[in-house]
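Asks: Turn this into a model:
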Amino acid sequence: MAGSTFKTNPIDLIELLEDCHRGKLQLPDFQRSWVWDEDRIKSLIASISRAFPVGALMTLDTGGEVNFKPRPVEGAPAEAKNVAPQSLLLDGQQRMTSLYQVTLRGKVVETVTPKNKKVKRWFYIDIRKALDPTVDREEAIVGVPEDRIIRTDFGREVVLDLSAPEGGYAALMYPLIQVFDWDRWQDGFDQYWRGDEHEVMRETFRAFKRQVMENFKSYRVPVISLDRSTSKEAVCVVFEKVNTGGKALDAFELVTAMYAAEGHELRKDWYGDDEHRGRHRRFVDTLRPADSEAGIIAGVSNTDFLQAISLFYTRERRREAERAGKTGKELPAVIGNRQALLNLPLAAYKQYEKTVEHGFVQAAKFLHMLHIYRIFDLPYQSQIVPLAAIIADIGDAWDHEANRAKLVRWYWNGVFGELYGSAVESRIARDFMEVARWLQGGPEPSTVSEVIFRADRLKTMRMRLSAAYKGVNALLMKEGAQDFRSGQKFDHTVFFGENVDIHHIFPQDWCKKQGIKSAIYDSIINKTPLSFRTNRIVGGVAPSEYLAKLEKGDKQTPAIERERLDGYLRSHLIDPAILRRDDFEAFMADRQKRLLGLIEQATGKAAYTGEVPEEGVDVGVDEESVEADMIIVS
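Replies: Down below sits the predicted model:
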């Protein structure tokens, strides 16, 4: 008689983690290594701390037809390798490895920052933030360096010192490595805050235990367990399913369902119908070139739009509370996270939708003003949300010179500070509030005040995925760079008409023949915007050779006077004399300094040129990157 080969059981999280530690639960040896980044770890921990579901695991009992070679989860003790596992984890490796390394292993965790740097982190929970219902729980999960000291000002100022337990007691920072065994930590905490005058602090920790830490101890994970009779074919099908991510139900779909109950068709607003263009289509068509499929704000999603509306709605709620005399923690937060979207009333949506749509359209004009014309060249999609909300808020005042200059400075600090790469919800809300105050004469927003660009970052900007890489290209066009061949500046018409893109100044083929590594010649220092036809002339020859071609001209291209061509080169921050003698090393050193000046002008502050290296190591660093560090000046 046929029967099911699997069962689903909820299992205590601590039991699963201990099984990983002892080697009872291992991985099939072909599973990829653990690669979760710091922000995803924080998000996972935040969900567990609130007793939110993080998805089911799937295991396969060992000893059956399917006999995979096992290996322990990363970080498990060496003796775990000698244990014959009872089951293998088919789905959930990264979640379980993250939780094991952060909570049970007792050693520093190797992870990756949003800037793709390998770092070592200890993870803590900020007790005050975890107990504050107005604070997003992910903000309460803090990663600190291996020495447990957070520093700013390039290591000169200590912001938080958790190197001794007393530092955690004083700052109310709880170490996640003790989340399942808090008695000893609490004994130390109570001793540190002994005395009747500190009863409030001791009660704060007791509340934290009840509201947060008990969630870890009682957390249960649904586990789909395939028994050992499961066939090879069935296991293959399972892997196809669990490794092909389906689209999760997002906030827009949930809000759509809620609004439908009140008779409003949110999907029709966004997608339109046979008779009306929806908002998405209007965004796609905004500033869309005639021969292009989409304009610069075509990538704005329906949840981006709801997020911007939520900023207005939650700010108004905060203002109402202020008018009612409330202060401090009584004031609701200005937010645009998932929960805020799910709490967005239909009336608020209708109140702000036109204002916010106008803000996004004006944001497209702002980006074109900065010579950012294509989604492909957009540094950060996520930064459009606060940009559109800020512009929508101040209306036509954004176009006044003083306001526009501040907006431009804020935008470039976000780009060159690489602040909008991940975990951006709190920054979006903060910028929405702080930039508006700044425009009215208030203090600089944190996005401006916090950023100091590192001079050595230019060396590692080699890929279009880098927001700062795209930013340099746009700045060069904004500053009046002229095409080597035509002498035209790269306005909107020329950009699309001449098929402008980022190209090498010392061509790749020439660099390869000189034995120069790609990690060096692919840097943004050796790249600049050029038209397609000009790049064809540049070809793979030495700069002195292609400059001579341009000066001589041919049937298609008139001759260019030497002085005029030198002027074109200077508009790209290139020293003509250095380029003409094909001196690659001198060129790289000189142009690095010139580009640095351009970035300093855009951000409004001096770059950091000191010797304190940036924390972490570039992921995938190799000998080419090391050579780049040796050749390009600091």
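
Asks: Check the gap between residue 123 and residue 55 for me.
Replies: 20 Å (Cβ to Cβ, to the nearest Å). For every residue, glycine as well, the C-beta is placed using N, CA and C.

Asks: And residue 582, by the same measure?
Replies: 57 Å.

Asks: Show me which of those two is the more surrounded one.
Replies: residue 582 (17 against 12; other Cβ atoms under 10 Å).

Asks: Give the buried residues for the helix or strand hosting residue 221.
Replies: Secondary structure from DSSP states H and E places residue 221 in strand 220-226. For strand 220-226, the neighbour count (16 or more other Cβ atoms under 10 Å) marks 221, 223, 224, 225, 226 as buried.

Asks: Same list (those) but as CSV, adding pLDDT and distance to residue 292.
Replies: As requested, these are arranged in CSV below (pLDDT from 0 to 100; distance: Cβ to Cβ, whole Å):
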residue, pLDDT, distance to residue 292
221, 93, 47
223, 93, 49
224, 89, 46
225, 89, 52
226, 87, 49
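
Asks: And those residues, which is closest to residue 463?
Replies: Closest approach to residue 463 among these (Cβ to Cβ): residue 221, at 37.1 Å.

Asks: wait, that closest one sits on residue 58?
Replies: No - assessed by Cβ atoms under 8 Å, residue 221 is found out of contact with residue 58, at 11.0 Å.

Asks: Report the rounded mean pLDDT for the longest helix anywhere in the chain.
Replies: Secondary structure of the chain read by DSSP state H shows that its longest helix is helix 346-369. For helix 346-369, mean pLDDT rounds to 97.

Asks: next helix or strand past that helix?
Replies: helix 384-394.

Asks: Could you give the average pLDDT over that following helix?
Replies: Here helix 384-394 scores 96 as its mean pLDDT.

Asks: Now the next helix or strand after it: buried residues?
Replies: Per DSSP H and E, helix 384-394 leads on to helix 401-416 as the next helix or strand towards the C-terminus. Counting neighbours by 16+ other Cβ under 10 Å, one finds that the buried residues in helix 401-416 are 403, 406, 407, 408, 409, 410, 411, 412, 413, 414, 415, 416.

Asks: same deal with stretch 189-198?
Replies: Going by neighbour count (16+ other Cβ under 10 Å), the buried part of stretch 189-198 is 189, 193.

Asks: ditto for stretch 382-398
Replies: Quick answer for stretch 382-398 (16+ other Cβ under 10 Å): 382-394, 398.

Asks: what's the answer for stretch 275-284, then?
Replies: 278, 279, 280, 282, 283, 284.

Asks: picking up where we left off before, just put the buried residues of helix 401-416 in a markdown table and tack on pLDDT and distance to residue 323.
Replies: Converted to a markdown table, these look like this (pLDDT from 0 to 100; distance: Cβ to Cβ, whole Å):
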| residue | pLDDT | distance to residue 323 |
| --- | --- | --- |
| 403 | 94 | 26 |
| 406 | 96 | 28 |
| 407 | 97 | 28 |
| 408 | 97 | 34 |
| 409 | 97 | 32 |
| 410 | 98 | 28 |
| 411 | 97 | 32 |
| 412 | 97 | 36 |
| 413 | 96 | 33 |
| 414 | 96 | 32 |
| 415 | 95 | 37 |
| 416 | 94 | 39 |
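
Asks: Quick check: of those residues, which lies closest to residue 449?
Replies: Of the buried residues of helix 401-416, the one sitting nearest to residue 449 (Cβ to Cβ) turns out to be residue 413, at 8.7 Å.

Asks: C-terminal to the helix or strand in which residue 311 is found, what's the next element?
Replies: Secondary structure assigned from DSSP H and E places residue 311 in helix 302-323. Once the chain leaves helix 302-323, the next helix or strand it forms, by DSSP H and E, is helix 338-342.

Asks: That following helix packs against which elements?
Replies: Applying 3 or more Cβ pairs under 8 Å, 6 or more residues apart in numbering; DSSP states H and E, one finds that helix 338-342 contacts helix 251-260, helix 302-323.

Asks: what ranges do the helices span in the stretch 151-300 of the chain?
Replies: 165-171, 183-192, 199-208, 214-218, 232-242, 251-260, 266-271, 279-285 (DSSP state H, counting those that start in this stretch).

Asks: If I average pLDDT within each of the ones you listed, which one is lowest?
Replies: Sorting the helices of the stretch 151-300 of the chain by mean pLDDT places helix 232-242 lowest, at a mean of 66.

Asks: list the contacts for residue 539?
Replies: 507, 509, 546 (Cβ atoms under 8 Å, 6 or more residues apart in numbering).

Asks: if you set the cut-off to 6 Å instead, what comes out?
Replies: If a contact means Cβ atoms under 6 Å, 6 or more residues apart in numbering, then residue 539 has no contacts.

Asks: and residue 561, how many residues sit next to it?
Replies: Residue 561 has 9 neighbouring residues, counting by other Cβ under 10 Å.

Asks: ok, it to residue 451 distance?
Replies: As judged by Cβ to Cβ, residue 561 and residue 451 stand 42 Å apart.

Asks: Name the residues of the helix holding residue 311 that are buried.
Replies: Neighbour-count burial for helix 302-323, counted by 16+ other Cβ under 10 Å, picks out 302-315, 317-318.

Asks: Closest to residue 421 out of these?
Replies: For those, the nearest to residue 421 is residue 304 (15.8 Å; Cβ to Cβ).

Asks: Can you lay out the buried residues of stretch 382-398 as TSV showing distance to residue 164?
Replies: Shown next, in TSV, are these (distance: Cβ to Cβ, whole Å):
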residue	distance to residue 164
382	38
383	39
384	44
385	41
386	39
387	43
388	46
389	43
390	43
391	48
392	48
393	46
394	48
398	49
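
Asks: And those, which is closest to residue 459?
Replies: Of the buried residues of stretch 382-398, the one sitting nearest to residue 459 (Cβ to Cβ) turns out to be residue 383, at 24.2 Å.

Asks: nearest spatial neighbour of that closest one, skipping sequence neighbours?
Replies: residue 420 (4.4 Å; Cβ to Cβ, 6 or more residues apart in numbering).

Asks: Which of the three states applies to that neighbour?
Replies: Assigned by DSSP: H, G, I helix; E, B strand; the rest coil, the conformation of residue 420 is coil.

Asks: That one: what's it in contact with?
Replies: 380, 382, 383, 414.
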